[in-house]
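Engineer: A structural model of the following input is requested.
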Amino acid sequence: MVRPFVGTALCLLSASGLADEPVRPRTSPPEIVSSWDDLTEGVKSAEDWAKHREVLHQRFLDLIRDQHKPVKPALDLQVHETVDVEGLYSRQLISYAVEEGERAHAYLAVPHRAAGNTEKLPAIVVMHGTFEKGIEQAAGLVDDATKAHLHHLAQAGYVAIAPEHFVSGRRIPPEGSYDTTRFHQKHPEWTAVGKFTYEHSIAIDVLETLDVVDRERIGAMGHSLGGQGTIFLSAYDSRVKAAVDNCSAAFFRHNDHVEHWARDHWYVYFKHIRPKLIEGQLPPIDFHEVMALSAPRAFLDVSGLNDGPRLTQKQRVLMLLKVADVYELLGVPENFEFFVHQRGHSMPVETRQLMVAFFDSHLKPKEATEARRVVK
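Structural biologist: Numbering: from 1, shown residues only. Below is the predicted model of the structure:
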């Protein structure tokens with residue numbers, strides 16, 4: 001009896017009842033077609049991309065409602081505490097103005113340098129996840145040491161600043177941490193994403209006041225909510241020359257829980273898009289387009305295939321392949337990388353090491369990452 005094998009090849013049973021080898025004809029690789037292809041639709045050259053990018057950039061600014069941000073005040077930088085950490089770097093608790101009558105706190109880490117060494121150092125903005133004491137976590141003072149990014153980067157020779165998210169730490173509202181009710185009462189036309197992106201950009205202003213920092217070698221990174229912040233900050237501020245996001249949230253399309261981007265309570269990212277989301281209409285820009293705004297600057301996306309619905313995370317891989325096409329088009333494919341693990345919503349050792357290596361390759365001199373032969 002002959003039975004077709006369910007699959008891509010035909011498998012026949014022989015008279016003995018054993019399966020014959022499947023027939024698999026030789027083919028060329030098929031074109032990968034996905035819904036993310038709209039990123040480069042009609043774009044055939046770097047010049048085409050430059051024009052398309054202008055459109056996408058304006059859509060991004062409209063999404064975060066950047067036109068409603070307040071006038072940026074003078075920094076008025078203050079140092080509240082200075083601690084030497086293991087003889088490797090100095091950690092300061094600082095604060096600075098972000099709005100009229102509103103200050104942000106941050107930890108600032110500056111590696112010690114050998115006497116007489118005046119070389120400027122690369123610097124990283126570190127964005128924490130949804131944790132009440134986010135900057136203490138980033139400094140390695142509380143909670144999960146795998147998320148002590150400020151500490152890890154300072155050990156690796158980077159100046160690092162970890163700004164406190166505007167509804168965490170010393171700025172928790174009466175309603176509780178990460179509740180944006182009062183923010184929206186104060187700024188009814190702005191967005192929480194616009195707010196934290198604006199403040200993270202001010203953290204770069206702080207880095208640029210430091211004589212030890214090389215302004216041309218500034219990066220950004222974050223986990224979870226901080227990963228989302230990294231995508232937005234890199235798209236928003238071209239001073240970010242290399243960015244790493246880890247386990248950021250799902251995009252708008254192919255997301256059964258897309259309304260979480262516009263909740264009606266607690267942390268509300270984009271309040272103004274809720275009515276259309278409820279009606280089933282998505283914003284005119286999605287995350288592949290926001291991420292591509294970083295091109296040609298260096299970008300690394302790290303995600304877990306089992307961090308959320310698996311089909312959604314598989315779509316993320318297709319999305320990243322399309323972003324890679326933009327970097328290819330611009331002649332810098334090496335500036336975009338992605339790593340997919342199966343460790344869930346975490347920061348495993350391979351991710352931590354990859355993150356530092358990525359920054360080293362893009363923000364440090366070439367000799368810092370050169371492989372060397374054994375000297376005989």
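Engineer: do a quick rundown of the helices in the stretch 51-200 of the chain.
Structural biologist: Under the criterion DSSP state H, counting those that start in this stretch, helices of the stretch 51-200 of the chain are mapped to 134-138, 149-155, 181-186, 192-208.
Engineer: Lys51: which of those helices is closest?
Structural biologist: Judged by CB to CB, the one of those that comes nearest to Lys51 is helix 192-208, at 24.1 Å. (C-beta placed from N, C-alpha, C; glycine too.)
Engineer: send the alpha carbons of the helix or strand that the closest one is followed by over as PDB?
Structural biologist: The first helix or strand that comes after helix 192-208 along the chain, using DSSP states H and E, is strand 213-223. As requested, the backbone C-alpha atoms of strand 213-223 are provided in PDB (Å, rounded to 0.1, in the frame of the first residue of the first chain):
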ATOM      1  CA  VAL A 213      33.700  60.900  28.400                       C
ATOM      2  CA  ASP A 214      34.400  60.600  24.600                       C
ATOM      3  CA  ARG A 215      31.300  62.200  23.100                       C
ATOM      4  CA  GLU A 216      31.700  60.200  19.900                       C
ATOM      5  CA  ARG A 217      31.500  56.900  21.800                       C
ATOM      6  CA  ILE A 218      28.200  56.800  23.700                       C
ATOM      7  CA  GLY A 219      26.000  53.800  23.900                       C
ATOM      8  CA  ALA A 220      22.700  52.700  25.400                       C
ATOM      9  CA  MET A 221      21.400  49.400  26.800                       C
ATOM     10  CA  GLY A 222      18.500  48.100  28.900                       C
ATOM     11  CA  HIS A 223      16.500  45.100  30.000                       C
END
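Engineer: what does strand 213-223 rub up against?
Structural biologist: The set of residues that contact strand 213-223 without belonging to it, under CB atoms under 8 Å, 6 or more residues apart in numbering, is 120-129, 147, 149, 153, 158-159, 200, 204, 207-208, 228-230, 233-234, 239-248, 347, 355, 359, 362-364.
Engineer: show me the residues you listed that map onto strands.
Structural biologist: Among these, the members found in strands (DSSP state E) are 121-127, 159, 240-246.
Engineer: which one of those is nearest to Phe183?
Structural biologist: The shortest approach to Phe183 among the ones in strands among the contacts of strand 213-223 belongs to Met127, at 17.4 Å (CB to CB).
Engineer: tell me the bridge partners for the closest one.
Structural biologist: Bridge pairing for Met127 (DSSP bridges) gives the partners Gly222.
Engineer: contact partners for it?
Structural biologist: If a contact means CB under 8 Å, 6+ apart, then Met127 has 162-163, 165, 200, 220-223, 225-227, 229-230, 233 as its contacts.
Engineer: before we move on, what about Thr369?
Structural biologist: Contact analysis of Thr369 by CB under 8 Å, 6+ apart lists Ala357, Asp360, Ser361.
Engineer: if I look at it, what pLDDT would I see?
Structural biologist: pLDDT, the model's per-residue confidence, is 93 for Thr369.
Engineer: before we move on, what about the one 3 residues further on?
Structural biologist: Each residue has a pLDDT score; the one for Arg372 is 89.
Engineer: name only those of the contacts of strand 213-223 that count as buried.
Structural biologist: Of the members of the contacts of strand 213-223, the ones counted as buried by neighbours, 16 or more other CB atoms under 10 Å, are 121-129, 147, 149, 153, 158-159, 200, 204, 207, 228-230, 233-234, 239-248, 347, 355, 359, 362-364.
Engineer: hmm, back to that, just give me the closest of the contacts of Thr369 to Met291.
Structural biologist: The shortest distance between Met291 and any of the contacts of Thr369, using CB to CB, involves Ser361 and amounts to 19.2 Å.
Engineer: any idea how far stretch 173-183 is from the chain center?
Structural biologist: Between the mean C-alpha location of stretch 173-183 and the chain-wide mean there is a distance of 24 Å, by CA atoms, centre = their mean, to the nearest Å.
Engineer: contacts for that stretch?
Structural biologist: By CB under 8 Å, 6+ apart, the residues outside stretch 173-183 that reach it are Thr130, Glu132, His165, Phe166, Val167, Ser168, Trp190, Ala192, Lys195, Trp266, Tyr267, Val268.
Engineer: now the second one: closest residue in space that isn't a chain neighbour?
Structural biologist: Yep, that's Glu132 we're talking about. Ser177 (4.6 Å; CB to CB, 6 or more residues apart in numbering).
Engineer: now the one you found: how far from Leu225?
Structural biologist: Applying CB to CB, to the nearest Å, one obtains 12 Å for the distance of Ser177 from Leu225.
Engineer: ok, these two, which is more surrounded?
Structural biologist: Neighbours around Ser177 and Leu225, counted as other CB atoms under 10 Å, are more numerous at Leu225. The numbers are 23 against 18.
Engineer: got the contact list for the more buried one?
Structural biologist: Contact partners of Leu225, counting by CB under 8 Å, 6+ apart, are Met127, His128, Gly129, Thr130, His165, Ala249.
Engineer: where along the stretch 251-376 of the chain do the helices fall?
Structural biologist: Counting by DSSP H, counting those that start in this stretch, the helices of the stretch 251-376 of the chain are 274-279, 287-292, 310-329, 349-363.
Engineer: distance to Gly140 and mean pLDDT for these - can I get that in TSV?
Structural biologist: What follows is these, written out as TSV (distance: least, CB to CB, whole Å; pLDDT from 0 to 100):
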stretch	distance to Gly140	mean pLDDT
helix 274-279	38	97
helix 287-292	29	98
helix 310-329	29	97
helix 349-363	12	97
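Engineer: quick one, which of those helices gets closest to Ala114.
Structural biologist: Going through the helices of the stretch 251-376 of the chain one by one, with CB to CB as the measure, helix 349-363 comes closest at 19.1 Å.
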